[in-house]
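1. Generate a structure from the sequence data that follows.
(2 chains, ligands or ions: 1)
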Amino acid sequence: MEFGLSEEQTLLQDSLNRYLDDASSLEQVKTLVDNPATGLWTGLAELGVPALLIAESAGGVGLGCVEAALVSESLGAHTAPVPFIGTVVMAPLAIALAGVEQDALLAAIASGNTTVGVAVAESIAARADAGVVSDGANLSGKALFVLDFGADQYLVADDKRALFLVAADAYGLQARSLATIDKTRPSGELVFSNTPATRLTDDPDVLRQVIDAGRVMLAADTLGAAQNMLDQSVEYAKQREQFNRPIASFQAVKHMCAEMAAELEPCRALVWYAAHTLDAVADEATLTACHAKAHLAETGTFVAKTATEVHGGMGFTDLLGLHYWFKRIGFNRQMLGAPEMVREEAARVQDLVG
Amino acid sequence: MDLSYGPEYESFRAEVVTFLTTHRDAAPKGEGMRAAASLAWQKLLIENGYTARTIPEQYGGYGAEPDILKSRIIAEEFANAKTSTGLGGQGISMLVPTLLEMGTEEQKQQFIGPTLRGEMVWCQGYSEPGAGSDLASLRTSAVLDGDEWVVNGQKIWTSTAHIADWIFCLVRTEPDAPKHKGISFLLFEMDTPGIEIRPLVDMTGAANFNETFFTDVRVPKQQIVGERGEGWLVANAILGHERDSLGNPNITLARFNALIDLLKTETIDGQRLIDHPTYRDRLMRIQGRVMALRCNDLRILSAKLNNADATLARMIVKLQGTELRHDLEGLAIDAMGEFGLAYDDNPYVRDHGSWQAQYMFYLGLIIGGGTSQIQKNIISERGLDMPREPKVEKASQG
Ligand SMILES: Cc1cc2nc3c(=O)[nH]c(=O)nc-3n(C[C@H](O)[C@H](O)[C@H](O)COP(=O)(O)OP(=O)(O)OC[C@H]3O[C@@H](n4cnc5c(N)ncnc54)[C@H](O)[C@@H]3O)c2cc1C
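-> Numbering: from 1, shown residues only, chains lettered A, B, ... in the order given. Here you go, the predicted structure:
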C-alpha cells in the first residue's frame, strides 16, 4: 500500500529528465519551435515514450496513466515541443477503449512514425460555426482547437460524441494552422466536407474517459512547468543582488516563493491521485480529473505570474525565455475546458446541478 | 501508487458504516469536552479503533498497525455521517505524540492514557506578552530549589487554561545559556498554589484563552520532558504535531459536506443557493483545494510508513489548511448574505451561528501556532533553502 511513486516510476522520470535536460533545453526549444526538426521526437521514441500506453501485444510497453502523467510532467518542465497528449495518450486510449482492431496504427504510433492529433473541443464547448456531423462514414463541419495539430491522423468527435479516425490527407479535409501564444504545441482547425472516416465507437463513455485522461495530462504538464518556474525563481533570487544583498534575503521575495511552493506542493499528490484513478478507480476518475485540471490551472496561473515577478524586468524578456513556461501553462489552462467550465462539470457529476 | 481496495477494505468500510448507523445518535453534538456524552463517545471510539488508532495499547490506545486506507475510510465515513471523530485539544493532538517520542516510560504510563480518555485536560503555556512569534525569547523562569522547580512569570493566549487539569509549559532554566539552549519543558498541575488565571475574551465572543500568572509555583523536579535546556527541541517536536493537526484536511472534508447541505437548503428568490452558478463555482473551487490537501495528507502518511521524503508536503499543511478552512467558512457566509451575519440569539441564525464562529476561529488559527508569515519564513528558509532572516540584537534593555 503506497501513496507515492514506485522506484521504477522514479527511475523512469529521472532518466527522461536527464535526456530532456539536453535535448529539450531552452536553447533547443527556441530553435525547434521555428524549425521543427524531428530529433527530439526520435530520441523520445528510442526511449519508448510514444509506446507508453500501448499494450505489449500491440508493440507497446503497456504502462499506465501514472507513468504517462510523470512523462507529461517532465515534458511540461522542459516545454518540450512534441505531440504527446494526442498521439501518446488520447488516441491509443480511445482505440483500446473502443475495442477495435488498429494494430498497424498502434505499431506505427509506438515506433514514433505516426502522430495523431485530437479534435474534441466541440464536445466540451462548441463555438459559433464549429461542430462536426457524420452520416456514419463521412464527416462534415469544422473542428477548432485541435491538439497535436500537424499530425498524420486525427481522432475526431462528432456532435453525437462518437469517435472517428481520419487521415490527414483524406479527401475533402482542409487543415489550417492557427497561431496561439504557445509555440511549443501547434494548434489549428480542421474543415471536413464529406470526408471519409473510420468510426471507432458510438459509446460516449469512451470520449469521456479520453477527455478525463487528456485533462490529467494537461494538469501534469502544468505541474512540471510551474515547478520549473518556481525552481528558476529561487535560483535567480539567490544570484541577483540589489541593495548589496541577494534579493532572496528580502522577505517579500521569500514569501512569494513560499506561497508558490505552498500552493504547488499539494498539486503533486493531486496529479498522482488523478492519474491513479484513470487506471484503477473508474467511479472517481471524472471528478478527480476535473479537479486536477481546474486546480492546476489556477495554481499554475498564480505561479506563472509570481515567478515572472520574482525575475523583475528580466522575467519579461524573450532573452531569459521564462515566457515559454508562462505560455505553456496558459495553453494548458484553456485547452479541454477552462477552469469554470471544468468545475461546472465536477458539480454535474456529483448531481449538484439542479 | 498502490491503493487497491481489496475485499478486506470493503468489509472494513461496511464495519465503520454499521458502527456509525448503530451509534451515531450517541455522538456528542457540540457539548463540551468534559460532558459525559463526550467522554462516553471517546471511550467507544478508542475501543473500536476509530481514534487513538495507532497508539500502543499499553498506553491506552487501540494499538493497530498504521494503514493509510483504513485511516482514509474512517475519515471519509465519519465525514459523510457528519459525526464527531472524538476529542481533540492540545493534550491529545500535541502532548501525546511528543511524549510518545520524547517522554520517559513513567511519563508515558502516567499521562497518555488519561489524556486520550479525556480525563486529563491540558493547556499549552508557550506564548508570553513579549514572546509571540519570537518564542525563544520567553522569560518565565524556573529555578531548582531542592527537589522542586520554582516557576515565576506570565503566559498569555493560554487556550483552555481555565478548564485544564495540567499545563505543558516552556520556562527558562539556564538564564546564561544562548536563548534557544536555556529553555526547559515542564509539566505541572493547574491547581498548584501560585497560579492565577484571567480570562481573555476573543473576537468570537467566547473566552477560550487566558492570561496565566505564576508566582513561586513549585513543581516536582522529575516533571520535565527531555533534559534541562532541551525544551526548545521538545517544543519543536510538538510544533510539528500541531502543524499537522491545525488545518487537518479530513476535518475540513466534514465541514465541506456540511457546506453542500447548507447550499442545498438555503434559497434566494425561491432558488437553492447551489443552483446559482457563481456560488456553485466557488464551492467547486474549494472542493479542488480540499481534494489537493487530502491527497497531500495521504502522501505524508505514506511517506512516514515507507521512509520517503515529504518534508515540503508537511511544511505547508498548517498554512494551506487554516487558510482553506477560513475561506470555506467565508463562502457559507457570503452565500447566506445578510443571514450570514446573524449571531447569538438571532432567530434567523443558521447552524447555531457556527459559520461566523468558525470563520473567526480559523482566523485565530491562521495566527496561532505560528502565523502564516512565520510559516512562509519556514517554508522559504528550510524548504527552499533561501537566506535566513537577519538576527538583530536588542540595542539596550532601557
Ligand atoms: C486562537 C489562538 C489560540 C492560541 N492558543 C495558544 C495557546 O494555547 N498557548 C500558547 O502558548 N499560545 C497560544 N496562542 C498564541 C500564538 O501562538 C501567538 O499569538 C502567535 O505565535 C503569534 O504571536 P503574537 O500574537 O505575539 O504576534 P506577533 O509575534 O507580535 O506577530 C504580529 C505580526 O507580526 C508578524 N511577524 C512577527 N514576526 C515576524 C517575522 N519574523 N517575519 C514576518 N512577520 C513576522 C506576524 O506574522 C504577525 O502578522 C494562541 C493564539 C491564538 C490566536
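2. and the lengthiest helix in chain A, anywhere near chain B?
-> If you go by DSSP state H, chain A has its longest helix at helix A:204-239. Yes. Contact of helix A:204-239 with chain B (CB under 8 Å from any CB of the partner chain) involves A:234, A:237-238. For every residue, glycine as well, the C-beta is placed using N, CA and C.
3. Can you name the element that comes right after the helix or strand harbouring A:K142?
-> Element membership for A:K142, per DSSP states H and E: strand A:138-146. Next helix or strand after strand A:138-146 toward the C-terminus (DSSP H and E): strand A:153-157.
4. ok, which residues in the stretch 51-200 of chain B are in contact with chain A?
-> Contact residues (CB under 8 Å from any CB) of the stretch 51-200 of chain B with chain A: B:67-69.
5. Among these, which are located in helices?
-> B:68-69.
6. can you pick the most crowded of the residues of the stretch 51-200 of chain B next to chain A?
-> Within those, most neighbours by other CB atoms under 10 Å in any protein chain shown means B:I68, with 21 neighbours.
7. That residue against B:M1, yeah?
-> No. Applying CB atoms under 8 Å, one finds B:I68 not in contact with B:M1, separated by 11.3 Å.
8. Now list whatever residues contact both of those two.
-> Taking CB atoms under 8 Å, 6 or more residues apart in numbering or on different chains as the contact rule, the neighbours common to B:I68 and B:M1 are A:F3.
9. can you count the residues close to the nearest residue to B:C123 once chain neighbours are set aside?
-> Once flanking residues are discounted, B:C123 sits nearest to B:A164: 3.9 Å by CB to CB, 6 or more residues apart in numbering or on different chains. Using other CB under 10 Å, the number of residues around B:A164 comes to 25.
10. what about B:A164, is that helix, strand or coil?
-> Going by DSSP: H, G, I helix; E, B strand; the rest coil, the secondary structure assigned to B:A164 is coil.
11. Quick check: residues of the stretch 1-150 of chain A near chain B?
-> So the stretch 1-150 of chain A meets chain B at A:1-6, A:66 (CB under 8 Å from any CB).
12. after the helix or strand of chain B with the lowest mean pLDDT comes which helix or strand?
-> The helix or strand of chain B with the poorest confidence is helix B:231-245; it has a mean of 78 (mean pLDDT, DSSP states H and E). Next helix or strand after helix B:231-245 toward the C-terminus (DSSP H and E): helix B:249-265.
13. Run the chain-centre distance for that following helix.
-> The chain centroid and the centroid of helix B:249-265 are separated by 19 Å, computed with CA atoms, centre = their mean, to the nearest Å.
14. Show me what that helix is packed against.
-> helix B:68-80, strand B:271-272, helix B:277-306, helix B:317-336 (3 or more CB pairs under 8 Å, 6 or more residues apart in numbering or on different chains; DSSP states H and E).
15. in the first one, what's buried?
-> To tie it back to what came earlier, the one meant is helix B:68-80. Neighbour counts over helix B:68-80 (16 or more other CB atoms under 10 Å in any protein chain shown) mark B:68-79 as buried.
16. among the helices and strands packed on helix B:249-265, which is nearest A:G76?
-> Closest of these to A:G76 is helix B:277-306, at 17.5 Å (criterion: CB to CB).
17. how distant is the closest one from the center of its chain?
-> Chain-centre distance of helix B:277-306: 19 Å, with CA atoms, centre = their mean.
18. Now do the helix or strand following that helix: which elements does it pack against?
-> Heading C-terminal from helix B:277-306, the first helix or strand you meet, by DSSP H and E, is helix B:311-315. Here helix B:311-315 touches helix A:251-280, helix B:231-245, helix B:277-306, going by 3+ CB pairs under 8 Å, 6+ apart.
19. Highest mean neighbour count out of those?
-> helix A:251-280 (a mean of 24; mean count of other CB atoms under 10 Å in any protein chain shown).
20. quick one: that helix to helix B:277-306, angle?
-> 80 degrees (axes from the mean of the first three to the mean of the last three CA atoms, to 10 degrees).
21. hmm, helix A:251-280 in reach of chain B?
-> Yes. Applying CB under 8 Å from any CB, one finds helix A:251-280 in contact with chain B at A:251, A:254-255, A:257-259, A:261-263, A:265-270, A:272-273, A:275-276, A:280.
22. Just want the angle from that helix to helix B:249-265.
-> 80 degrees.
23. how about stretch B:344-351: buried residues?
-> Quick answer for stretch B:344-351 (16+ other CB under 10 Å): B:349-350.
24. and it, how far from the chain's centre?
-> 27 Å.
25. before we move on, what about stretch A:211-223?
-> In terms of CA atoms, centre = their mean, the centre of stretch A:211-223 is set 5 Å apart from its chain centre.
26. circling back: just so I know, which of the helices and strands packed on helix B:249-265 lies nearest A:N244?
-> Counting by CB to CB, and looking across all of those, nearest comes helix B:317-336 at 30.7 Å.
27. dump the residue contacts of the nearest residue to A:A262 once chain neighbours are set aside.
-> Nearest in space to A:A262, with sequence neighbours left out and distances taken as CB to CB, 6+ apart, is B:I316 at 4.2 Å. By CB under 8 Å, 6+ apart, B:I316 lies in contact with A:261-262, A:265-266, B:296, B:375, B:379, B:383.
28. Just give me the closest of those to the ligand.
-> Nearest to the ligand out of the contacts of B:I316 is B:Q375 (CB to the nearest ligand atom; 8.9 Å).
29. what about that closest one, neighbour count?
-> 24.
30. what sits against the nearest residue to it once chain neighbours are set aside?
-> Of all residues not flanking B:Q375 in the chain, B:L319 sits nearest, at 4.0 Å (CB to CB, 6+ apart). For B:L319, the contact set (CB under 8 Å, 6+ apart) comprises A:262, B:247, B:372, B:375-376, B:379.
31. Could you save these as TSV and add columns showing distance to B:E211?
-> Output for the contacts of B:L319, formatted as TSV (distance: CB to CB, whole Å):
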residue	distance to B:E211
A:A262	33
B:G247	26
B:S372	24
B:Q375	26
B:K376	29
B:I379	31
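32. Mind putting the residues you listed into a markdown table with pLDDT and distance to the ligand?
-> Compiled in a markdown table, these are given as follows (pLDDT from 0 to 100; distance: CB to the nearest ligand atom, whole Å):
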| residue | pLDDT | distance to the ligand |
| --- | --- | --- |
| A:A262 | 98 | 15 |
| B:G247 | 84 | 13 |
| B:S372 | 97 | 7 |
| B:Q375 | 95 | 9 |
| B:K376 | 97 | 8 |
| B:I379 | 96 | 12 |
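33. Pick out whichever of the residues you listed sits closest to B:R139.
-> Distances from B:R139 to the contacts of B:L319, taken by CB to CB, are shortest for B:Q375, at 24.8 Å.
34. what's the distance between the closest one and B:T311?
-> 14 Å (CB to CB, to the nearest Å).
35. B:G130: how many residues sit nearby?
-> Counted with other CB under 10 Å, B:G130 comes out at 11.
36. how about it, what does it touch?
-> B:137-139.
37. Out of those residues, grab the one that's most surrounded.
-> Ranking the contacts of B:G130 using other CB under 10 Å puts B:L138 first, with 26 neighbours.
38. counting contacts, what elements does the helix or strand of chain A with the lowest mean pLDDT pack onto?
-> Every helix and strand in chain A was compared by mean pLDDT, DSSP H and E; the lowest is helix A:26-34, with a mean of 90. Here helix A:26-34 touches helix A:323-334, going by 3+ CB pairs under 8 Å, 6+ apart.
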